[in-house]
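Asks: let me see the structure of the following:
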Amino acid sequence: MRRKYTTENEESTIDMTPMLDIVFIMLIFFLVTTSFVKESGISVTPPGAQTAVKQERGNLLVAIDKNGSIWIDRRNVDLGAVRANIERLRAEYPEGTVVIQADENSNTGMFVKVMDQVRLAGVENIAIAAAENK
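Replies: Next up is the predicted model:
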């Protein structure tokens, strides 16, 4: 009997395809499950409060500047359009909290009207932005 020896040089390689597939699937998962913050579009100076608590979740921002202009999603909106915009944003982010950012020199009446429109849109969880006094 003859024994046959193979003298071929076989290189061993590691197949990276399954690992790359898993990395891409994880990337897609994290992108889909990430909650994106909708900015109001303007910078306001909120009033200070000693009892202000930092809130981690606040997805839907509504800003009222010192002139009484309302800003949602980087757009200046009319008071009558607040409800429709909040309903649209709530459809995109159902668990999001609505945060009203009113400038400290804004009109309180406008703030109450905006808060009323947000409540008419079906939002019960409303937060008011305030700066922390130290």
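Asks: all helices of the chain, in order?
Replies: Assigned by DSSP state H, the chain shows helices spanning 17-33, 82-92, 108-120.
Asks: in terms of secondary structure, what does the last one contact?
Replies: This means helix 108-120. Other helices and strands packing on helix 108-120, by 3 or more Cβ pairs under 8 Å, 6 or more residues apart in numbering; DSSP states H and E, are strand 60-64, helix 82-92, strand 98-102, strand 126-128. Any C-beta I mention is one placed from the backbone N, CA and C, and that applies to glycine too.
Asks: buried residues in it?
Replies: 110-111, 113-115, 117-118 (16 or more other Cβ atoms under 10 Å).
Asks: which member of those residues is positioned nearest L79?
Replies: Relative to L79, the closest of the buried residues of helix 108-120 is K113; by Cβ to Cβ it sits at 5.9 Å.
Asks: quick one: pLDDT of the spatially closest residue to that closest one that is not a sequence neighbour?
Replies: Nearest residue to K113, sequence neighbours excluded (Cβ to Cβ, 6 or more residues apart in numbering): L79, at 5.9 Å. With respect to pLDDT, L79 has a value of 91.
Asks: again, but for N105
Replies: Per-residue pLDDT puts N105 at 84.
Asks: just for this structure, where's the confidence low?
Replies: 1-10, 35-58, 132-134 (pLDDT under 70).
Asks: could you redo the last one with a cut-off of 50?
Replies: Of all residues in the chain, none has pLDDT under 50.
Asks: now D65: how far from E104?
Replies: 11 Å (Cβ to Cβ, to the nearest Å).
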